[in-house]
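K.L.:
Fold the following for me, if possible:
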Amino acid sequence: MHEMAITQSVIDAVCEYAAGRTVHSVTVEVGALCAVVPDAMQFCFELAAEGTVAEGARLVIEQILGTGECRSCGAEFGLADPIVLCRCGSADVEILSGRDLRIRSMEVSEACAQPVDVATTRQP
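P.N.:
Okay, the predicted model is just below:
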């Protein structure tokens, strides 16, 4: 299951960017042609986030349709899977998009305005 390695990379990037702040949600865009199963990625996200600032965060997966262009007739069209055949009957199709996976956004807690020194705020 390659979703675990991919999701671990997402968690690593999210945690680095969060810089210690609690992560509440992460939105990723997943191309229809990158062979990622959304349910598997969701499961892996929960496992990979354990013990990190992303633990308990919600993962939102937005699937993005791929696009292709027929080299025979020049038609450009949407692709939902990697089995490509143009309406003209040609299989000579260039895949233009749909293999991407990227972090679109993340929601994090605000950082404290100033660090609090526990020793100076402790009541006797």
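K.L.:
So which residue is dead centre in this structure?
P.N.:
Centroid check for the chain by Cα atoms, centre = their mean gives Val28 as the closest residue, at 2.9 Å.
K.L.:
Centre of the chain to the helix or strand encompassing that one, how far?
P.N.:
Assigned by DSSP states H and E, Val28 belongs to strand 23-31. With Cα atoms, centre = their mean, to the nearest Å as the basis, strand 23-31 stands 5 Å off its chain's centre.
K.L.:
same check, this time on stretch 36-44
P.N.:
Distance, centroid of stretch 36-44 to centroid of chain: 10 Å (Cα atoms, centre = their mean).
K.L.:
again with stretch 62-75
P.N.:
Taking mean C-alpha positions (Cα atoms, centre = their mean), stretch 62-75 and its chain are 22 Å apart.
K.L.:
Could you spell out the sheet neighbours of the strand holding Val28, each with its direction?
P.N.:
Paired neighbours of strand 23-31 in the sheet (DSSP bridges): strand 58-64 (parallel), strand 101-108 (antiparallel).
K.L.:
just so I know, which of these lies nearest Gly89?
P.N.:
Minimum separation from Gly89 across the strands paired with strand 23-31 (Cβ to Cβ) falls at strand 58-64, 26.5 Å. C-beta here means a position set from N, CA and C on the backbone, and glycine is covered the same way.
K.L.:
Outside of that closest one itself, which residues are in contact with it?
P.N.:
24-32, 38, 41-42, 45, 97-98, 100, 104 (Cβ atoms under 8 Å, 6 or more residues apart in numbering).
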